[in-house]
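K.L.:
Quick one, structure for this:
(2 chains)
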2 protein chains.
Amino acid sequence: MVITQISKNHRQWIRGLQRRKNRDQEGVFVAEGFNALESALRSIHHPVLEVIADRNHIEAVADIIFNETPLYECSDSIMNELSTESTPQGVLTICRRSEFDSRNLGAGTSDVLLYLDRVSDPGNLGTIIRTSAWFGVRQLMLGPSCVDPFNAKSIRASAGALFAVELYMPVSPESMKGLAGRAGYQIIAMVPRGGISPEQVEKSGKNIIMMGQEAEGLSDELIGFADQVVSIRGRGDVESLNLSVASAIILYEMLK
Amino acid sequence: MVITQISKNHRQWIRGLQRRKNRDQEGVFVAEGFNALESALRSIHHPVLEVIADRNHIEAVADIIFNETPLYECSDSIMNELSTESTPQGVLTICRRSEFDSRNLGAGTSDVLLYLDRVSDPGNLGTIIRTSAWFGVRQLMLGPSCVDPFNAKSIRASAGALFAVELYMPVSPESMKGLAGRAGYQIIAMVPRGGISPEQVEKSGKNIIMMGQEAEGLSDELIGFADQVVSIRGRGDVESLNLSVASAIILYEMLK
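P.N.:
The predicted structure follows:
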């Protein structure tokens, strides 16, 4: 295995990938830590382009990656510069993003799909991806104004699950509705209050569950598309549930 | 209403409250933003000692607080210094922490209680508090090595719910077991895999649900105390669920 010292231009390119614009343009993203590296190596999505490790971790990385994967070494201080974490884990995995075309959705996809409308917190998005993968929901649709799932915080919150799901993005509300009609999905809108309980939803068919923005919820247009409107009943006087928590409860109920 | 300009020493005291040691010593904490201020004003726990606002928000704050609450004004740059957020919301509420004695737990407490063992992520802790309050679980026990719920990140994730619950801390494993015996609670241990499903748990009685540390789960001692061991079944190949997500699913199932 050949280990190369990382060059200055190379470092600038990696740092540039912290910006969504550059990630989108190049179709490349950075996943931090050993958990992400191992998930990337096991996955058929998002092939590993190269790996960067600091001196303390280079041997451990060399032991687990494929022989042909380019491996770059850097100092601790350069790792600090390249990492988005306050205490870097010592390894960065650079991956090529697999693109999924929503026109292919429908045949052979899960009986439960998620559609996310303007989710703005990357931690929530990553946690929703993690929960979906746990429950075997492999396809997620992201509306046009969602935060980037390839953001470092989202990848971290996904705990490796980013590599286990197919992310269709951006999927417009109309395309989602078209898919539902074409492939026989019922559309469920999750709203903070006023809907039926998750237990009351008919679970035998195919369902698309729509989750909305943290503060504002689903757009009126999307709620207008819904066959069922569902809320998780509370007993306290707090305002709402966290979005990733509400997503987890409806997924649990639909898939148990 | 008297509005005072904040002094240098006063600022130093507020900044000092970002450290747990100082918060614990003084029994005082800082909650950021309007949502927290409004929750604090509505609450019977954690009385408001004083409020600090920057120039753009001082009028809005003066409109909602009680006449006798001390109100301090500061510049934007001082607010930036005092706030832990990258984009401060312009208002800080300083509260006296109410202490709850776990020897009083048992009579008149909820049929479902949470016991948290070494939870280390403040965002998770705050989200668990928010979910508990949503489902009407008003008492939470925190084991000796939990992160501080009065940490700024935890308060933010609780979305105001910190003011709606009673936090008993620290509660040793033995005290929790003693309470269960005394007050007739069944003890449930949540583990990543191998337990019975949440639906299979007998829900008519009184239950203490124990949740463990993000990476390591519950201690062996605590698992040894359990009457029932419960896991949320997955269908995917990801490692685990996020802790606040797992807590939400078991609370939903126990309380629906």
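K.L.:
At which residues are the strands of the stretch 51-200 of chain A located?
P.N.:
With strands called from DSSP state E, counting those that start in this stretch, the stretch 51-200 of chain A shows them at A:71-74, A:91-96, A:112-116, A:139-142, A:166-168, A:185-190.
K.L.:
Around chain B, pick out the residues from the stretch 1-150 of chain A.
P.N.:
Residues of the stretch 1-150 of chain A lying close to chain B by Cβ under 8 Å from any Cβ of the partner chain are A:35, A:123, A:127, A:130-131, A:133-136, A:138. Yep, even glycine has a C-beta here, placed from its N, CA and C like the rest.
K.L.:
please redo it, this time with the cut-off set to 6 Å
P.N.:
Proximity of the stretch 1-150 of chain A to chain B, by Cβ under 6 Å from any Cβ of the partner chain, involves residues A:127, A:130-131, A:133-136.
K.L.:
Just the residues contacting stretch A:99-110, thanks.
P.N.:
With contacts defined as Cβ atoms under 6 Å, 6 or more residues apart in numbering or on different chains, stretch A:99-110 is touched by A:137-139, A:166, A:168, A:171, A:175, A:179, A:182-183.
K.L.:
low-scoring pLDDT stretches of chain A, where are they?
P.N.:
Regions of chain A meeting the criterion pLDDT under 70 are absent.
K.L.:
show me where it has helices.
P.N.:
Under the criterion DSSP state H, helices of chain A are mapped to A:8-16, A:20-26, A:34-42, A:58-64, A:76-82, A:122-134, A:152-158, A:173-183, A:220-225, A:243-255.
K.L.:
Please work out which of those is packed deepest.
P.N.:
helix A:122-134 (a mean of 27; mean count of other Cβ atoms under 10 Å in any protein chain shown).
K.L.:
A:Thr93: how many residues sit nearby?
P.N.:
Using other Cβ atoms under 10 Å in any protein chain shown, the number of residues around A:Thr93 comes to 28.
K.L.:
contacting residues for A:Pro149?
P.N.:
Counting by Cβ under 6 Å, 6+ apart, A:Pro149 touches A:125, A:167.
K.L.:
List the buried residues in stretch A:160-175.
P.N.:
A:160-169, A:171, A:173, A:175 (16 or more other Cβ atoms under 10 Å in any protein chain shown).
K.L.:
oh, I was asking about stretch A:111-124
P.N.:
Residues A:112-119, A:121-124 are the ones in stretch A:111-124 that count as buried (16+ other Cβ under 10 Å).
K.L.:
Which residue comes closest to the residue of the stretch 51-200 of chain A found nearest chain B once chain neighbours are left out?
P.N.:
Closest approach between the stretch 51-200 of chain A and chain B, counting by Cβ to the nearest Cβ: A:Gly136, at 3.1 Å. With Cβ to Cβ, 6 or more residues apart in numbering or on different chains as the criterion, A:Gly136 has its nearest non-adjacent residue at 3.1 Å, and that residue is B:Arg235.
K.L.:
and the residues of the stretch 1-150 of chain A next to chain B as CSV, adding distance to B:Lys206?
P.N.:
What follows is those, written out as CSV (distance: Cβ to Cβ, whole Å):
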residue, distance to B:Lys206
A:Thr127, 30
A:Arg130, 32
A:Thr131, 29
A:Ala133, 34
A:Trp134, 29
A:Phe135, 29
A:Gly136, 34
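K.L.:
From those residues, pick the one nearest A:Cys74.
P.N.:
Comparing the residues of the stretch 1-150 of chain A next to chain B against A:Cys74 with Cβ to Cβ places A:Arg130 closest, at 28.8 Å.
K.L.:
I'd say the closest one and A:Leu162 touch.
P.N.:
No: the criterion here is Cβ atoms under 6 Å, and A:Arg130 misses it with A:Leu162 at 8.5 Å.
K.L.:
that older thread, tell me the one among the buried residues of stretch A:160-175 nearest to A:Leu82.
P.N.:
Using Cβ to Cβ, the buried residues of stretch A:160-175 come closest to A:Leu82 at A:Leu162, 19.1 Å.
K.L.:
circling back: between the strands of the stretch 51-200 of chain A, which gets nearest to B:Asp54?
P.N.:
Closest to B:Asp54 of those, according to Cβ to Cβ: strand A:112-116, at 34.2 Å.
K.L.:
near chain B, which residues of the stretch 151-256 of chain A show up?
P.N.:
Where the stretch 151-256 of chain A comes near chain B, counting by Cβ under 6 Å from any Cβ, the residues are A:161, A:164, A:234-236, A:238, A:241-242, A:245, A:248-249, A:252.
K.L.:
ok, now with 7 Å
P.N.:
A:159-161, A:164, A:199, A:232, A:234-239, A:241-242, A:244-245, A:248-249, A:252, A:256 (Cβ under 7 Å from any Cβ of the partner chain).
K.L.:
quick check, nearest of the contacts of stretch A:99-110 to B:Met190?
P.N.:
Distances from B:Met190 to those, taken by Cβ to Cβ, are shortest for A:Val137, at 21.6 Å.
K.L.:
so how many other residues sit close to the closest one?
P.N.:
What A:Val137 shows, counting by other Cβ under 10 Å, is a neighbour count of 25.
K.L.:
Make sure it is actually in contact with A:Leu251.
P.N.:
Yes: at 6.4 Å, A:Val137 and A:Leu251 qualify as touching, with contact defined as Cβ atoms under 7 Å.
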